[in-house]
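In: Need a 3D model of the following:
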Amino acid sequence: MTIDNSIELAKIEGQIDVIRALYETKLITAEECESRLGNAVGQFSALYDAGAVDSKFNYVLALSISSAVDELSLKCYENRPDAEVWWTMRNEAKPGELLPDVEEVLARSKKIQDDAKLNEIRKDKELRVLVEGWHTCVDDDGYSTYNAEIEFEIGEGANTIQEALALVEKFQKETVETNQNHFDGHDPLPGYYSPRLFTVYNPIGDPLFAGFWQYDKQAYVVPEPLTDAAYHELHDKKARLNKELPENQRADNYDTCRQIRDEIVQIELKLVTSDFWTTVNDFPGDAVIGDFTESVRNFNAQSVSVSVQSSAPVVHVVYEELSDSCFIEDSLDEAIKQMNFLTKVHKSSGHNYEVSVYEVPGDDKIRSMDSHGLKEYLDKSESAKLLFTNNEKLLSNAKDYQNIDDVVTEYNDSDGASNTSAPTLQSASIKEFFQPIMVLNEDTPATGTALLEEEVMEAEPGIHERAHNRIRFN
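Out: Next comes the predicted model:
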């Protein structure tokens, strides 16, 4: 909380009280009252947008201002049926609620203030890095999802190309970790972000070079200038796409227009990057550029070293020796719960029947198998990966799997739950957490996306041309 914000909000509240008193004593007309009230509301709205409601004290003060605005608006409306309806805090409430949640308002204000501080830091940097990709959002119905194209700046900016690429690596790591909380093993959930490209800009906003996320790896930068043939081929392809775009626009092919636009942008950024490769030698010893070749080589090296696991969905099969039966659980957590329960039952009766958990491909063929078919599959297929077991014979040859007794330690509680948390899963692969979304579902249009439909329909073929005329300031 800042005292200045409290004082500014209090000034607005006092200003509205004075306007109301002047109007009630007929010292100003309804028109003038409405005009002055509008000015006060404009100041109030600007403070809210700047993150001034940053404490519970200021939240209560903002609600008080909102009530005063509503009351005075109603009085003006009595004499002027066409009087303006002004913005108040009630406009920020979710559907079905009267007021916005206080914690959400405070969190919003904190983010606004943090972003403002970050922008001040970025102003003094030589380079800025922007990322573009797809963000999974919840639609207005609260259930279905859509994919919005989102572009935003990452990090605090950079003074060297090495620092700029380090920002991308840091963003890559953080996004993978965040996406783990927004992925159910099959589909991305709201909050999931799939980046597709990043661009490094100079202080005047010209793109210097770009990098792209491959389907199954981290981002990479084109490692050398394009050959003349490749360069002209991309130019020709861009010209062809620019001709196709208006045709699809007239036919209202929204998704096709979006894909064409995306492809044009990627082509232009590849051309920009190729141009940058040919000009970096014009700045020998430049502190910002540094050794561009070495920087890109190191950056791309960490890209190809990523261990990529299969992105195919998997399920987990629990085998129980006593009944000689198998059953499928979609999640490992559920499989472990069953493993805990069965082991408890066996131990309570003084037996140690085998219980094992396997990871298998989650295709339709596996899901359609009965218990006998699953057991036969586990015995013969190399695709069945044993995760946990108490079978001594299997444990004698143990490699990657664990003894159940090392994972589950107590089974005597009444509901069969273990006091040991589920084993930590290996981080899902880059392919799973950065899987690109190539086709939008036409049944769930991307309402509220960062790019309006008109913007998607119209290409911006000027990125490469503008970059051609870039001027670099030190």
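In: C-alpha from now on. contacts and neighbour counts both.
Out: OK.
In: Report the separation between the spatially closest residue to residue 63 that is not a sequence neighbour and residue 82.
Out: Distances taken as CA to CA, 6 or more residues apart in numbering place residue 89 nearest to residue 63, at 6.5 Å, with adjacent residues excluded. Residue 89 sits 22 Å away from residue 82, going by CA to CA, to the nearest Å.
In: quick one, which of those two is more surrounded?
Out: residue 89 (20 against 9; other CA atoms under 10 Å).
In: where does that one land on pLDDT?
Out: For residue 89, the pLDDT comes out at 92.
In: Now do it against residue 344, distance only.
Out: Separation of residue 89 from residue 344 (CA to CA): 55 Å.
In: and what of residue 87?
Out: Distance from residue 87 to residue 344, by CA to CA: 61 Å.
In: Neighbour count for these two, which is higher?
Out: residue 344 (23 against 16).
In: Can you check my assumption that that one lies in a helix?
Out: Yes. Residue state for residue 344 (DSSP: H, G, I helix; E, B strand; the rest coil) corresponds to a helix.
In: so residue 328 sits in a helix?
Out: No. According to three-state DSSP, residue 328 belongs to no helix; its state is strand.
In: how about the nearest residue to it, chain neighbours excluded?
Out: Computed as CA to CA, 6+ apart, the closest residue to residue 328 that is not its neighbour in sequence is residue 317, at 4.5 Å.
In: With residue 12 instead?
Out: Sequence neighbours aside, residue 40 is the residue nearest to residue 12 in space, at 6.2 Å (criterion: CA to CA, 6+ apart).
In: residues contacting that neighbour?
Out: 12, 15, 16 (CA atoms under 8 Å, 6 or more residues apart in numbering).
In: The residue nearest to residue 328: what secondary structure?
Out: Quick answer, by three-state DSSP: residue 317 is strand.
In: Can you give me the distance of it to residue 337?
Out: 12 Å.
In: neighbour count winner among those two?
Out: residue 317 (27 against 16).
In: May I have the predicted confidence score for that one?
Out: In this model, residue 317 carries a pLDDT of 85.
In: Over to residue 224?
Out: Confidence score, pLDDT, at residue 224: 85.
In: can you check residue 209 too?
Out: Reported pLDDT for residue 209: 93.
In: Would you mind measuring from it to residue 260?
Out: 21 Å.
In: Need the nearest residue in space to residue 53, chain neighbours excluded.
Out: residue 59 (5.5 Å).
In: Pretty sure the one you found sits against residue 52.
Out: No. Between residue 59 and residue 52 there is no contact under CA atoms under 8 Å: 9.1 Å.
In: Tell me which of the two has more neighbours.
Out: Taking other CA under 10 Å, residue 59 and residue 52 do not tie; residue 52 has more neighbours (29 against 22).
In: can you tell me the average pLDDT over stretch 110-124?
Out: 91.
In: ok, the residue nearest to residue 12 to residue 155 distance?
Out: For residue 40, the distance to residue 155 equals 36 Å [CA to CA].
In: How much space separates the closest residue to residue 175 other than its chain neighbours from residue 354?
Out: Excluding its sequence neighbours, the residue lying closest to residue 175 (CA to CA, 6+ apart) is residue 193, at 7.3 Å. Computed as CA to CA, the residue 193 to residue 354 distance reads 42 Å.
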